[in-house]
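Trainee: No letters, just coordinates:
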C-alpha cells in the first residue's frame, strides 16, 4: 500500500511529457489565425482614422509640424511602410496589427515557460489572454494598443533576465522597450518608474548590495531615455503642436464632447472605474486577477520570488496606465494583462477546487469570445469590413478620377480613402476627434496646427476650399447623437457641391461645382 502511494506521488511529481506535435500545431494556429480572423471581421472603428491618417502622411510630411497627431509618434512610423499597399493599406494594417498580437502571445507563452511554468499551464494562460476583450480590441483594430503591449512583454522578459544572473546589461533592453512603448502610447509612462524602482529595490542573487542595484536601475533608466528619442525628436521639431496634441487635447476635449452628448458621467473617477470593471468582466481578466490574489505563483531560479514581485509591480503599473486616459474604453485595460497572465501561468494548478476553477475560467473565456464570434457571423453575411473599406477607397478614387479631380478629399473617414491616388486633406488627419469639437483653438493656432475644429470648418474651407468632401460613415448613436462629420456636410450642401452616392455604400461624395481649386496638401 505504501509503495503504491509513493508511486502515485512520484508520478505526480514527475515533469509532464512534452506536448504532441499536433497539439503544438493547434496552439500555434490559434495564436496566429484567431487574431487575424478578428482583424478581418471586426467592424471599422472611427478611432482608426487618426492612426491610419498619421501613417499615410508621415512618409512625406513631418508629424506635428506639417500635420496634427493626438498620439506619440512611434506607431505611425512603424505602420507607414504599409502604405505601399495602396488601396489595400487598411486591410494590410489590420493584418499587421494581428501579427503583432500573435507575437505578443508567443512571447507571453515563452516568458511563462522560461520562468518554470508547465506547458499546459502556459498554454492555458496564453489562450485565456487571447479571450480578453481588451486584448481582442488591441489585436483587431488599427490603434496604438498592441504595439506597446508587445514592447511591454519584451521588457518583462528582459527585466526578469536582469534580476537573474544575466548581468546589468540586460536592464538596457528592458528600459529601451519601455521607452519605445511610451513613444507608441503615452499612457505607458507608469512602467518607466515601475521598471527602475523594481530593479533597484528587489533583491538580486548576483548583486546583493544596494549600490549594484542602483547601477542596474540607472542602466534601465538610460534605456528608457533612449527609447523616448522618437517622441523627443518629434517634440523638438514642433514643441507647441506636440504638447497641445498629445497632452492638452486629451485633458480638455473629451469633457466638452461627452457633456454635449449627455455622457459626462463616464468621465468621473467612479465612472472610469466602473467601465474598467465591466471590461474586466468581458472575458477572464477579472477572474484571473482574483485568482492571482488568492494564489501563490512560483518561478524557477534563485530570483524567482523577485521576478514574481516585479511582474506584480508591472500589473499595478498597468492598472494605473489603464486609469490614466479619459474616458475609459475596452482597450485601455490591455497594459495590465501581459504581466498578469504571465504571473497566472506560474500558479500551480492543483487543489480541491481545480475543476470548478477551470469551469469558471472556461465560462468567462466563452463570454470573451462572444463578441468576435458575432463579428465573424456578420462578416460571413455582409463581408469583411476592412476589405469593404478598401473597396470604398477604390470606388472613391475612380469617381474622383472620372470627375477630373486630382486634389485630396476632405473627410474625417480616412479609412474610406486610404491609399487613393488623390489622398486626403491634412486638416482632418486626426479623423473626427478635432472636427467634432468647438472652442478648442483660436483661428491663428488652428491654422498653425493645420486643423479645422467644428466652429472653424466653414472659415477654413472659405480660405482654401476642398475639391471634394466625403461624408456618411459617421452615424449617430444612442450614446453619441451628434454626427461627427456634420460640419463638412453642412458646408458641402450650403455651397452647392454635387452629391455622388457611392454604389453599395453609405458614403456621400460631394464634388465642388468648380474643379479648379486650391487645396492644401
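Mentor: Cool, got the structure. As the structure is a prediction and not an experimental result, all values here were calculated from the model.
Trainee: Break this protein down into its domains, please.
Mentor: The chain breaks down into these domains under automatic domain parsing: 37-378, 385-511.
Trainee: Of all those, which one is nearest residue 30?
Mentor: domain 37-378 (6.6 Å; C-beta to C-beta). In short, each C-beta sits where N, CA and C put it, glycine included.
Trainee: how far is that closest one from where the chain is centred?
Mentor: Taking C-alpha atoms, centre = their mean, to the nearest Å, one finds the center of domain 37-378 at 8 Å from the center of the full chain.
Trainee: Now do the same for that domain: mean pLDDT, whole number.
Mentor: For domain 37-378, the mean per-residue pLDDT is 91.
Trainee: For residue 210, give me its contacts.
Mentor: Listed by C-beta atoms under 8 Å, 6 or more residues apart in numbering, residue 210 has no contact partners.
Trainee: Relative to residue 312, how far out is it?
Mentor: 21 Å (C-beta to C-beta, to the nearest Å).
Trainee: Residue 357 too?
Mentor: Distance from residue 357 to residue 312, counting by C-beta to C-beta: 20 Å.
Trainee: cool, and residue 136?
Mentor: 24 Å.
Trainee: related to what we said a few turns ago, adding distance to residue 27 as columns, could you present the domains of the chain in CSV?
Mentor: Formatted as CSV, these follow (distance: least, C-beta to C-beta, whole Å):
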stretch, distance to residue 27
domain 37-378, 6
domain 385-511, 26
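Trainee: So which of these is nearest residue 20?
Mentor: For residue 20, the closest of these is domain 37-378, at 10.7 Å, according to C-beta to C-beta.
Trainee: Need the distance between the two termini of the closest one.
Mentor: 13 Å (C-alpha to C-alpha, to the nearest Å).
Trainee: same check, this time on stretch 434-450
Mentor: From its first residue to its last, stretch 434-450 covers 11 Å (C-alpha to C-alpha).
Trainee: Tell me the buried residues in that stretch?
Mentor: By neighbour count on 16 or more other C-beta atoms under 10 Å, the buried set for stretch 434-450 is 434, 435, 436, 437, 440, 441, 446, 447, 448, 449, 450.
Trainee: Can you tell me how far the first one is from residue 50?
Mentor: For residue 434, the distance to residue 50 (C-beta to C-beta) stands at 9 Å.
Trainee: for the fourth one, same thing?
Mentor: Relative to residue 50, residue 437 is positioned 13 Å away (criterion: C-beta to C-beta).
Trainee: List the buried residues in stretch 228-242.
Mentor: Neighbour-count burial for stretch 228-242 [16+ other C-beta under 10 Å]: 228, 230, 231, 234, 235, 238, 241, 242.
Trainee: Looking at the residues you listed, spot the one nearest residue 455.
Mentor: Using C-beta to C-beta, these come closest to residue 455 at residue 241, 19.4 Å.
Trainee: so what's that closest one up against?
Mentor: When contacts are counted by C-beta under 8 Å, 6+ apart, residue 241 is found next to 64, 65, 68, 448, 449.
Trainee: Can you show me the strands along this structure?
Mentor: Along the chain, the segments classed as strands by DSSP state E run 468-471, 498-501, 508-511.
Trainee: circling back to that earlier point, which one of residue 136 and residue 312 has more residues nearby?
Mentor: Using other C-beta atoms under 10 Å, the more surrounded residue of residue 136 and residue 312 is residue 136, with 27 against 16.
Trainee: So the more buried one sits against residue 38, correct?
Mentor: Yes - using C-beta atoms under 8 Å, residue 136 is in contact with residue 38, at 5.7 Å.
Trainee: Overlap of the contact sets of the two?
Mentor: Contacts common to residue 136 and residue 38, judged by C-beta under 8 Å, 6+ apart, are residue 372.
Trainee: follow-up on the earlier one: which one of the strands of the chain is the most hemmed in?
Mentor: Highest mean neighbour count of the strands of the chain: strand 468-471, a mean of 28 (counted as mean count of other C-beta atoms under 10 Å).
Trainee: centre of the chain versus that one, how much separation?
Mentor: Counting by C-alpha atoms, centre = their mean, strand 468-471 comes out at 28 Å from the chain centroid.
Trainee: packing partners for that strand?
Mentor: helix 486-494, strand 508-511 (3 or more C-beta pairs under 8 Å, 6 or more residues apart in numbering; DSSP states H and E).
Trainee: Include distance to residue 179 when you put those into CSV, please.
Mentor: Putting those into CSV (distance: least, C-beta to C-beta, whole Å) gives the following:
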stretch, distance to residue 179
helix 486-494, 38
strand 508-511, 43
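Trainee: CSV for those, including distance to residue 113 and mean pLDDT?
Mentor: CSV is the format used below for the helices and strands packed on strand 468-471 (distance: least, C-beta to C-beta, whole Å; pLDDT from 0 to 100):
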stretch, distance to residue 113, mean pLDDT
helix 486-494, 52, 93
strand 508-511, 53, 91
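Trainee: With respect to residue 160, which of those lies nearest?
Mentor: Set against residue 160 and scored by C-beta to C-beta, these come closest in helix 486-494, at 50.5 Å.
Trainee: any idea how far residue 44 is from residue 404?
Mentor: From residue 44 over to residue 404 (counting by C-beta to C-beta), the distance is 29 Å.
Trainee: Give the closest residue to residue 434 in space, chain neighbours not counted.
Mentor: With sequence-adjacent residues excluded and distances taken as C-beta to C-beta, 6 or more residues apart in numbering, residue 434 is closest to residue 451, at 4.9 Å.
Trainee: next one: residue 47
Mentor: In space, residue 47 is closest to residue 143, 5.7 Å off (C-beta to C-beta, 6+ apart).
Trainee: For that neighbour, grab the count of nearby residues.
Mentor: Neighbours around residue 143, by other C-beta under 10 Å: 22.
Trainee: Does it touch residue 52 like I think?
Mentor: No - counting by C-beta under 8 Å, residue 143 does not reach residue 52; the two are 9.9 Å apart.
Trainee: just to revisit the earlier point, of the strands of the chain, give the one that comes closest to residue 162.
Mentor: Comparison of the strands of the chain against residue 162 by C-beta to C-beta identifies strand 468-471 as nearest, at 50.6 Å.
Trainee: which other residues reach the closest one?
Mentor: 396, 400, 403, 405, 407, 409-411, 413, 416-417, 422, 485, 488-489, 491-492, 497, 507-512.
Trainee: Could you do stretch 389-398 as well?
Mentor: With contact meaning C-beta under 8 Å, 6+ apart, stretch 389-398 is reached by 44, 87-91, 409, 415-422, 470, 502-503, 505, 507, 509.
Trainee: Now find how far off-centre that stretch is within its chain.
Mentor: Stretch 389-398 sits 26 Å away from the centroid of its parent chain (C-alpha atoms, centre = their mean).
Trainee: May I see the buried residues of it?
Mentor: Neighbour-count burial for stretch 389-398 [16+ other C-beta under 10 Å]: 389, 390, 391, 392, 393, 395, 396, 397.
Trainee: Among the buried residues of stretch 228-242, name the ones in helices.
Mentor: 230, 231, 234, 235, 241, 242 (DSSP state H).
Trainee: Wait, the third one touches residue 66, no?
Mentor: No - with contacts counted by C-beta under 8 Å, residue 234 stays clear of residue 66, the gap being 11.3 Å.
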